[in-house]
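Colleague: Following is a predicted model, sequence given first.
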Amino acid sequence: MTALFYLLGVVLFVVAILVSIGLHELGHMIPAKRFGGKVTQYFIGFGPTVWSKQVGETEYGVKAIPLGGYVKIVGMLPPGADQLADEVSVDADGNTVTRVRKSNTGMFTQLISDARAAEWELVKPEDNDRLFYKMASWKKVVVMAGGPTVNLLIAFFIFWGVFATYGQKSVEVEPGQPVVSSVNRCVLAFEDEGRKCTAEDPAAPAYEAGLRPGDTITTFNGTAVTSWDQLRDLIRGNDDGDAVIGYTRDGQALTGTTSTTVQPRPTSETDDTLRKVGFLGVSPESRIVTETGGPIYTLDQMGTMTVETVKALGTLPVKVWDVAQAIVGLEERDPTGPVSIVGGGRIAGETVSHEEFPVTEKAVFLLMLIAGFNLFIGLFNFIPLLPLDGGHIASALWEAARRRLARLRGRPDPGYVDAAKLLPVAYVVASAMLVMGVVLIVGDLVVPLHLES
């Protein structure tokens with residue numbers, strides 16, 4: 001039964017991501033068609049075609065590798081002035097035809113020429129006024145922003161539903177003098193926390209001082225303690241100095257003497273940067289606080305998530321490199337590092353098959369996982385580099401800006417921005433994305449991250 005639930009979790013996650021991909025591509029296709037563009041293909045997946053059906057001028061289908069999707073909008077690349085054979089010709093029916101010849105004047109020029117020629121093989125005489133590159137700049141922005149915007153909307157509505165009903169739970173320390181919840185028996189490195197103590201591990205200062213769960217800490221080195229935050233600051237600032245701890249147990253006032261030790265610990269609850277500080281080895285009693293909210297609350301939370309995601313995107317190549325090192329055994333895999341759709345599916349499967357999780361907790365975790373992936377996909381696609389949607393958006397905005405500037409200066413219209421000239425950059429970015437994707441998938445198979453119990 002556990003295996004069946006695991007499979008169910010994987011299937012639910014994969015289906016949800018495929019639906020998200022499908023909706024993302026609809027976000028491109030619908031406005032493109034509304035603006036008069038011609039869309040010849042709408043596919044989910046890459047590689048060999050599994051199924052397809054022609055409906056009007058568009059072929060809809062599914063391909064074998066479910067790692068993305070695409071829509072084919074005719075006329076994404078304009079013809080290059082240096083590549084027009086007979087710039088204009090007339091066919092037997094009197095229709096104007098533009099022909100593009102291939103160039104062989106250099107590797108990058110050849111790549112651009114081949115891409116341009118392949119693009120124009122799909123252009124028919126009657127498509128002359130339906131080409132994407134001829135659309136108004138604002139229409140191009142709407143078409144290209146439509147996909148990632150759909151992902152952000154999916155994330156928003158899922159987060160909103162969860163925050164409005166289940167709420168967002170956080171751990172809050174009980175107010176007042178800190179009551180000890182747990183005492184470390186030994187000192188462990190931050191990354192080793194969770195494992196059992198061994199005879200070689202030094203005893204924790206708090207345990208040596210006689211502190212035990214249930215004790216209430218009242219003083220630290222003669223300073224009256226009124227809150228956990230205050231006590232934590234006193235401990236961290238004590239480095240490896242002597243520590244005299246006053247506490248009460250069953251109404252009796254007691255005193256323990258020890259020396260704090262210096263250990264690398266996170267700077268704060270919101271900053272995981274390790275910093276060497278004084279360490280005692282106690283945790284305070286806490287409670288779970290549930291916070292609910294509507295759309296404004298959701299937008300506020302997503303704003304925080306967006307900042308964190310943008311920071312993560314900035315360090316993504318480094319994080320992927322760390323995964324590559326973990327694959328070959330040079331280091332442990334970071335439990336907070338990136339995962340592929342394979343890793344997401346594994347975590348979803350472990351969540352659904354976990355026997356100790358209530359059904360509600362499982363459903364909420366899955367929804368948050370799906371929403372998180374959509375938030376990442378949406379923000380990632382807005383990066384202003386080809387072949388990502390953000391690269392096309394940047395090109396359209398630059399086109400609008402330079403045309404506006406030309407009008408203000410009384411100069412001739414500079415014409416369309418030729419995105420084909422940026423294809424070398426697109427190939428480099430696409431290659432980097434492919435390598436990172438492969439590394440993450442291999443990492444999720446060889447050194448997978450598991451759901452914490």
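Modeller: Now that the structure is in, tell me what you want to look at.
Colleague: Neighbours of residue 179, how many?
Modeller: 18 (other C-beta atoms under 10 Å). Heads up, the C-betas are built off the backbone N, CA and C, glycines and all.
Colleague: Revised request: answer the last question for residue 367.
Modeller: Residue 367, neighbours per other C-beta under 10 Å, totals 16.
Colleague: quick one: contacts for it?
Modeller: By C-beta atoms under 8 Å, 6 or more residues apart in numbering, residue 367 lies in contact with 158, 161-162.
Colleague: measure it to residue 152 for me?
Modeller: The gap separating residue 367 from residue 152 is 16 Å, by C-beta to C-beta, to the nearest Å.
Colleague: What are the contacting residues of the helix or strand where residue 405 lies?
Modeller: In the assignment (DSSP states H and E), residue 405 maps to helix 389-408. With contact meaning C-beta under 8 Å, 6+ apart, helix 389-408 is reached by 28, 76, 137-138, 140-141, 144-145, 147-148, 381-386, 412-414, 416-417, 419, 422, 425-426, 429.
Colleague: buried ones in that helix?
Modeller: Of the residues in helix 389-408, those buried by neighbour count under the rule 16 or more other C-beta atoms under 10 Å are 389-397, 399-400, 402-403.
Colleague: again with stretch 29-40
Modeller: So stretch 29-40, judged by 16+ other C-beta under 10 Å, has buried residues 29, 31-33, 35, 37-39.
Colleague: now do stretch 320-335
Modeller: Within stretch 320-335, the residues that count as buried by 16+ other C-beta under 10 Å are 320, 322-324, 326-327, 333.
Colleague: which SS state does the residue most central in space within the chain fall under?
Modeller: In the chain, the residue lying closest to the centroid (C-alpha atoms, centre = their mean) is residue 376, at 3.0 Å. The three-state label given to residue 376 by DSSP: H, G, I helix; E, B strand; the rest coil is helix.
Colleague: Enumerate every residue touching it.
Modeller: Taking C-beta under 8 Å, 6+ apart, we find residue 376 in contact with residue 309.
Colleague: ok, now how distant is residue 113 from residue 123?
Modeller: Using C-beta to C-beta, residue 113 is found at 16 Å from residue 123.
Colleague: so what does the helix or strand just after the helix holding residue 405 touch, helix or strand wise?
Modeller: Downstream of helix 389-408, the next assigned helix or strand under DSSP H and E is helix 423-446. Contact partners of helix 423-446 among helices and strands, from 3 or more C-beta pairs under 8 Å, 6 or more residues apart in numbering; DSSP states H and E: helix 107-120, helix 316-327, helix 341-353, helix 389-408.
Colleague: again, only using 7 Å
Modeller: Counting contacts by 3 or more C-beta pairs under 7 Å, 6 or more residues apart in numbering; DSSP states H and E, helix 423-446 packs against helix 107-120, helix 316-327, helix 341-353.
Colleague: Kindly list the main-chain dihedrals of the closest residue to residue 239 other than its chain neighbours?
Modeller: Spatial nearest neighbour of residue 239, excluding adjacent residues (C-beta to C-beta, 6 or more residues apart in numbering): residue 278 at 4.9 Å. When quoted as degrees, to the nearest 10, the phi and psi of residue 278 stand at phi -70, psi 140.
Colleague: quick one on the thing from earlier: between all of the buried residues of stretch 29-40, which two are separated the most?
Modeller: Within those, two members stand farthest from each other by C-beta to C-beta: 31 and 38, at 13.3 Å.
Colleague: quick revisit: look at residue 113 and residue 123 and report which has more neighbours.
Modeller: Shown here are residue 113 and residue 123; by other C-beta under 10 Å, residue 113 has more neighbours (22 against 19).
Colleague: so where's the stretch 251-400 of the chain shaky on pLDDT?
Modeller: Within the stretch 251-400 of the chain, the stretches with pLDDT under 70 are 269-272.
Colleague: rerun at 50
Modeller: Within the stretch 251-400 of the chain, no range satisfies pLDDT under 50.
Colleague: Beyond the top helix by length along the chain, next helix or strand please.
Modeller: Longest helix in the chain, counting residues (DSSP state H): helix 2-34. Once helix 2-34 ends, the next helix or strand along the chain (criterion: DSSP H and E) is strand 39-55.
Colleague: Could you check that next one and say which residues are buried?
Modeller: Across strand 39-55, burial judged by 16+ other C-beta under 10 Å covers 39, 41-45.
Colleague: Now flag whichever of the residues you listed is closest to residue 294.
Modeller: residue 44 (32.8 Å).
Colleague: Can you give me the pLDDT of the nearest residue to that closest one once chain neighbours are set aside?
Modeller: Nearest residue to residue 44 in three dimensions, chain neighbours excluded: residue 69, at 4.3 Å (C-beta to C-beta, 6+ apart). With respect to pLDDT, residue 69 scores 91.
Colleague: Just give the number of residues close to the residue nearest to residue 418 when sequence neighbours are not counted.
Modeller: The shortest distance from residue 418 to any residue other than its chain neighbours is 5.7 Å, reached at residue 78 (C-beta to C-beta, 6+ apart). Per other C-beta under 10 Å, the neighbour tally for residue 78 reads 21.
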